[in-house]
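[1] Next comes the sequence, and after it the predicted model I'd like to discuss.
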Amino acid sequence: MRPSLRSLSLLASCLCTPLLAVAQDSLLLKDTRFVTGVKMETVGDNIVIHFPHGDIAIPRSLVKESHIKGEAVDASLSDEDKSKLDQGLVKFDGKWMQVAERDKLLQKRTADREARIREAMAHRDWKNRYTLNTENFAFEYTIDPEVMKSFADQMEVYFKTFTKEWGIKKPPKLGRLKVCFYHDQDYFQQVSGAGQGVAGYFRFVEPLELNFYYDRLDLDFTREVMFHETNHYLTQLIDTKFKYPLWVNESLGEYYGASKWDQKAKKMSIGYIQEGRLAEVQDAIAEGRWQGLEQLINMTREEFGSEQYAWGWTLMHWLLENPKTEKKLKDFYMALARDKSVQREIDQIQFKQVKPVDQIELFKKYMDFKDLKEVEKAWHEYVKGLQPSSGRGYYEAGRIAIGSNAPLKAQRMLKIALEKGFHNPQVYATLSRAQWLKDQNDEAIESMKKALELDPLNAEYYLGLARAQGGTGYRIGEETSPEARRSQWLALEVARATNDPAEYAILIDLGPDFTKPDPALPPAK
Amino acid sequence: MMKAVHAVLGLCALASLAVPAAAQKQGIHEDTKKGFRIKVPEKWTTIPVQIDEKWIVGKFLSNRSYETKTRDATGGGEHKPTIYVIEFDDEARKLKVQEERRGDTTYIAKNVPYRDYKDYLKRNVGEGWYIDKEEQATEAGVPCTKFQVRIEKSANMKRRLITWLFRGEKGEMAVECDVLEDHFEKLEPQMLAALKSFKLIPRTTVEATAAITGENGGDTMWVTDRSKWKELPVEERQRRRKKIEEERMAKSQKDLLPGWTAKRTKHYLVLSHADAKYTKNIIDAVEAYRSWMEENFDSVSDEYVMHGIIRICADIDEASAYADTSANSDSYNSDDREVVTWQDKSEGNAGIDWSRLFRGMFAQYIYDKDALLYNYLPTWMRTGLLGYVGGSRIKLGKLVNEPSDRENNSIREVERAGAFAALKELMGTKLEGEMKTTTDAERAAYWQWVAQTSRLVRYMYGPGAKTPQLKDFVVKYMKGTIALAEGMDAERRQGRAAATTEEEEKANNDEDRNYWKRRHTEILEQLTKDLGWDDATWTSIQKAFHEYLKKA
């Protein structure tokens, strides 16, 4: 039935009744970022952001809260309710009501939403950080409180699970461990002082503290870091003045880093494959690099690199997943700190430690091996039998390859990751970069577009797209195509709208032309 | 009458020319070039700003140290408060792209200026930090943002920065006070007084000198295009380097701060904040050392070695503060030929750190003789020379060379162990990454090895010089290195074809990973071969050298 003119005008008033003056449009995304300073509108199941150089549609499924000026939050109309319309009523939130009442509700809801977003933004500054105390931890954080609560639950369960399994008791005077959780890597590095390449750290001298960050594109990685670093704290409870050797300490961290979390059951399970590390080990084996056990035990901090973390994880996995060796390994681990027959030295910071030669003797004693070579042989056999990685593992291997200046290898690894169903936007973005590095520009464009489908508000993806489309001056003497130019501008506009820490780096990459308004754009009204 | 007036005017003109852009009067520091005035706390020192520094325009150092309340192996120590004035000039903050064509390659350089004070913090504070307070205000009618920044996590000493950021006509100016957190309450009033005294004033002094040439102005041909540089006649090469040297010296002594003296010697400009006697000792020493270097290394190449600047700070704290620059690459210049030292009044003349001074001078001399030596000289020779050079000192007015206690002790340890290195091994690849230095035992072994290389060089300049095979050994070795390195360097700059398979990719990466070790090994093998020593010669020289070692 065709609606009458009167009902149309009432419908128009439902949808277009102006609200009282409120602040700019804003979004709070589920990945915890804010989007501000740009015009938005709801179109179907999307929120469309109108950037000067193009519109970007954000599926509602990615949005947690929205505040869009002038928009009714919910206005549905049924033809069957024509009579209500004729009475001058409007439908809002499933109920019919007077226009004034609807406006009042809308205004309150808008104000509340705006206040929530503003409050959440304010807590992004460390000086205004949130705090949360649980039984064993004192959290200080700048991320979304709901995200924090989930991680807090995980850490409490981890604490109880690990201490029970290993028979460890927290010294009574130790108190809660301070845990600092940051909303992104950039802020983590700034406030914690962590260097490049550090994803998290545990400060093992007083005051004890754990620091890590939320990776919005890889929640699993965030969890992995949390499990790993928290493991250092949990093992320190064995003896707070004992420094565990790297080859057991980091390796055990990696083993527990692969734990999984069941959000519904609030339970963790252990013993999984550390995908990225497995890929790294398999890569090393393919190049003929087998890690010697004695060499691993003797390694210093400077020598203990990514590959050693990987091998160390396989060692722990082998020993802890085998019922015959699981208890022996745990007993050895405890004995390093507690066995009275073991000789320990005191280091510069008054921590006890055991020399590598004594660690080896103790290891042989507890594991019941006569010869370290015998252990090594059995360990290597186990590694040979580990199943090839899942998609995630191949993604990690691809990431490592591109970081090691091997874009051809990276492409192969990343394609396998996709074949195995790992469709994280970072896989596409990394693949795009690997393709661009080999001048495979058409493929690079396609890959980056797929990344943007999954993560539409990623400024660096637009920059990568621009490069593949021929922009940013990487190819001297070439004119920048209009599409590349558009992508360049979008990179900057998206970075600004999402308060991306990389915004200035993007501007520098783009160059001085982007410090002035685009002359090709019509002047703002 | 007219003449008298002119004379007075003339005198006035001279006087005004003589007034430095930065002047101090009763604790007030006034800079008419950058347009600010500040009253620093009593007895604080004004620290010179390096001539290549683009952002920091004023530095002031407390006369007093403060200690953290706790101090252990995990952190704590002493800290002297500072006040820095940092300019964020609108022009300097503009993004620029420079293109330079060299042969068939175009090089693009992009500047990465500081965007604002927050960006400066991000790139300069090495520890964990966050902004605790930020408020807009007005001070003496000038819009101002007031910050407090806490430096806490990963910090050896927790500190607080109190910064006021003023908006002037040419940009922004931050006045940043840096104090220990433990003493913040006590020091805050003093810092606030200094901040309140800060005023923007008219810029009445204009930069008179032209832009300095060199890396940030132009002439870097001997690094960027070696073959083209070598084609120039030696006189032209000398002229170009002299121009850089003169400009840098002129700028270094302009606006000299009160208490500093400037003396031009035959080869150096000595800028000193030390006492006259100490300064004279250093002046005599640097010229004596330069003579030694010219006598022994001038023949390495026909390159002109630029005259340098020797800066003698009043003490180590002043030297540290002077060396502290903004972390921006635009404040670095590879033509910098300044060596910084300081007077240690607690030790008197006996405490002069000759090794720092002479090593600095030596490194610059050799670099100017040929920049390739910096990277390509085999490590045993480089460490041996630095060890030998470090033993130089002035004793009773004369330049002598004596091994350090550390070197002597290391040699004795090796002798006790009966473990003198074989000569061929000592002159081989051991120091090209084969030695670890992460345990105490490994470090001891490393220093024993290094001591032997220093002693070998000492032998070559001492009794070994009479051995025919060791005559002018070091110079010949350097020349041989340069000859081999030229081809390697050219090849490196040429690049190689992009990999088309994973195998090629891996091979290229393996090659890159081990580049310096591989190159040094190739150079070593060739130089050793070129020596043409048979087994008997090696044995004979080794025997004599080991006997020399025993006399340590």
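    Received, thanks. Bear in mind that the values here come from a model prediction, so they are computed numbers and not experimental data.
[2] List the residues that contact the residue of the stretch 151-300 of chain B at minimum distance from chain A.
    Residue nearest to chain A within the stretch 151-300 of chain B: B:Ser154 (2.8 Å; CB to the nearest CB). Heads up, the C-betas are built off the backbone N, CA and C, glycines and all. B:Ser154 is in contact with A:192-194, B:127-128, counting by CB atoms under 8 Å, 6 or more residues apart in numbering or on different chains.
[3] Out of these, who's the most crowded?
    Using other CB atoms under 10 Å in any protein chain shown as the neighbour criterion, A:Ser192 leads the contacts of B:Ser154 with 27 neighbours.
[4] And for that residue, nearest residue in space, chain neighbours not counted?
    Nearest residue to A:Ser192, sequence neighbours excluded (CB to CB, 6 or more residues apart in numbering or on different chains): A:Asn211, at 4.2 Å.
[5] Check A:Gly200 too.
    A:Phe212 is the one closest to A:Gly200 (CB to CB, 6+ apart), at 3.3 Å.
[6] Before we go further, that neighbour is sitting in a strand, right?
    Yes. Applying DSSP: H, G, I helix; E, B strand; the rest coil, one finds A:Phe212 inside a strand.
[7] So the residue of the stretch 151-300 of chain B closest to chain A: helix, strand or coil?
    Under three-state DSSP, the three-state class of B:Ser154 is coil.
[8] Low-confidence stretches in the chain?
    Here I'm looking at chain A. By pLDDT under 70, the weakly predicted segments of chain A are A:1-23, A:70-82, A:93, A:471-478, A:523-525.
[9] could you do chain B instead?
    Ranges of chain B meeting pLDDT under 70: B:1-25, B:207-219, B:347-351, B:438-439, B:552.
[10] Keep only those of the contacts of B:Ser154 that are in helices.
    Counting by DSSP state H, the contacts of B:Ser154 place A:Ser192 in helices.
[11] Quick check: the gap between B:Ser355 and B:Arg458.
    Look at B:Ser355 and B:Arg458: by CB to CB, to the nearest Å, they are 14 Å apart.
[12] do the same with B:Ile310
    B:Ile310 sits 25 Å away from B:Arg458, going by CB to CB.
[13] So between the two, which is more surrounded?
    Shown here are B:Ile310 and B:Arg458; by other CB under 10 Å, B:Ile310 has more neighbours (25 against 21).
[14] In a helix, the more buried one, correct?
    No. B:Ile310 is assigned strand when assessed by three-state DSSP, not a helix.
[15] What parts of chain A come near chain B?
    Within chain A, the positions lying close to chain B (CB under 8 Å from any CB of the partner chain) are A:125-127, A:180, A:190-194, A:205-206, A:209, A:211, A:287, A:300-303, A:348-350, A:404-409, A:412, A:438, A:473, A:476, A:504, A:507-508, A:511-512, A:515.
[16] the helices in the stretch 401-550 of chain B, which residues?
    B:405-416, B:423-426, B:440-461, B:473-494, B:502-513, B:515-531, B:535-550 (DSSP state H, counting those that start in this stretch).
[17] quick check, the fifth one touching chain A?
    Yes. Where contact is defined by CB under 8 Å from any CB, part of helix B:502-513 touches chain A, namely B:502, B:505-506, B:508-509, B:512.
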